[in-house]
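>>> how would this look folded up:
(one chain, ligands or ions: 2)
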Amino acid sequence: MNEAPAALSVRNLSVHYGGVYAVRDISFDVAAGEAVGVIGANGAGKTSTLKALLGLVPRTVGGLRFGDTDLAKVKAHDMVRHGIGYVPEGRHVFVGLSVEKNLLLGAYCRPWNKATRSRLDEAYDLFPMLRDMRGRLAGALSGGQQQMLAIGRALMSRPRLLLLDEPSMGLSPKLVEDILAVLQRLHREGLSTVLVEQNAKLTFEAASQCLVVENGAVALSGTSQELQHDPRVRKIYLGL
Ligand SMILES: Nc1ncnc2c1ncn2[C@@H]1O[C@H](COP(=O)(O)OP(=O)(O)O)[C@@H](O)[C@H]1O
Ligand SMILES: [Mg+2]
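Ligands and ions are numbered 1, 2, ... in the order given. Just a heads-up that it's a prediction; the model follows:
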């Protein structure tokens with residue numbers, strides 16, 4: 001497996017469910033080590049976009065490359081082996097398993113060795129609260145703790161690109177700040193990310209480039225700096 005940073009290139013990605021388009025002709029790039037945000041209201045097509053990248057929903061795509069790999073040819077269950085990590089909307093932790101077992105499941109495609117052990121230590125360093133709760137059932141964790149666990153689990157496979165679907169959903173402002181701090185640390189460590197969010201404020205702080213998606217299509221795109229000064233973005237997405 002190639003561990004070098006890689007760029008993602010998405011061209012003309014579309015998703016339709018039974019003839020109704022949920023995503024139409026979305027194109028974007030994520031440079032190696034870059035954080036890209038996708039902002040959109042409920043139903044805009046954010047989750048469908050991420051699932052389409054992963055091959056989890058029927059899609060058409062003109063080009064989908066990650067480094068040297070043609071991801072359009074990679075099956076959903078092999079994405080993790082190609083360095084793509086996924087934190088799904090709603091966390092989907094295994095509620096009947098311990099925190100530590102949830103984390104270890106994130107490394108299922110890697111042999112149990114010193115490297116995996118150190119990955120577990122890194123996850124606990126990133127989320128010290130998970131270390132304290134390692135034996136606790138995931139179902140007993142708060143929503144914010146489960147979100148941290150879902151991120152920690154995705155990191156266990158050592159992804160080079162992390163896709164996050166609304167990690168701030170349902171969390172208190174304090175926990176949203178904690179998520180932002182984690183995303184900023186991962187960015188400093190060189191991880192490429194695609195962050196899909198309704199929370200535009202968080203996204204502008206976490207990502208350098210953003211797309212605004214409306215009705216499944218890109219309505220606006222630019223740097224976070226540019227977009228947060230756009231009058232429409234300020235009114236509709238920042239409530240200013
Ligand atoms: N499995 C599905 N079957 C049919 N329509 C769907 C399905 N999943 C999502 N949709 C529709 O596709 C559109 C985009 O949904 P989604 O990608 O979940 O948006 P978001 O994540 O931005 O809220 C919505 O109109 C939604 O109702
Ligand atoms: Mg969604």
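
>>> CA atoms for contacts and neighbours, from now on please.
Will do.

>>> need the residues of this protein near ligand 1, please.
Contact residues (Cα under 6 Å from any ligand atom) of the chain with ligand 1: 17, 22, 40-48.

>>> most neighbours of all the residues you listed, which one?
For the residues of the chain next to ligand 1, the largest number of neighbours (other Cα atoms under 10 Å) sits with Lys46, at 28 neighbours.

>>> reformat the residues of the chain next to ligand 1 as TSV; add secondary structure and pLDDT.
Formatted as TSV, the residues of the chain next to ligand 1 follow (DSSP: H, G, I helix; E, B strand; the rest coil; pLDDT from 0 to 100):
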residue	secondary structure	pLDDT
Tyr17	strand	95
Ala22	strand	97
Gly40	coil	98
Ala41	coil	97
Asn42	coil	96
Gly43	coil	97
Ala44	coil	98
Gly45	coil	98
Lys46	helix	98
Thr47	helix	98
Ser48	helix	98
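
>>> list the beta-bridge partners for the residue most central in space within the chain.
The residue lying closest to the centre of the chain (Cα atoms, centre = their mean) is Leu164, at 1.7 Å. Per DSSP bridges, the residues bridged to Leu164 are Val87, Leu195.

>>> quick one: the strands in this protein?
Taking DSSP state E to define them, one finds strands in the chain at 8-17, 20-30, 35-39, 60-66, 69-70, 84-87, 161-165, 192-197, 209-214, 217-223.

>>> elements contacting the longest helix along the chain?
The single longest helix within the chain, with elements called by DSSP state H, is helix 173-188. Counting contacts by 3 or more Cα pairs under 8 Å, 6 or more residues apart in numbering; DSSP states H and E, helix 173-188 packs against helix 200-206.

>>> state the mean pLDDT of the helix it packs on.
For helix 200-206, mean pLDDT is 97.

>>> ditto for stretch 84-93
94.

>>> who's in contact with it?
47, 79, 102, 138-139, 146-147, 149-151, 154-155, 157-167, 169 (Cα atoms under 8 Å, 6 or more residues apart in numbering).

>>> over to stretch 102-114?
Contacts of stretch 102-114 (Cα under 8 Å, 6+ apart): 80-81, 93-94, 116, 120, 138, 149, 152-157.
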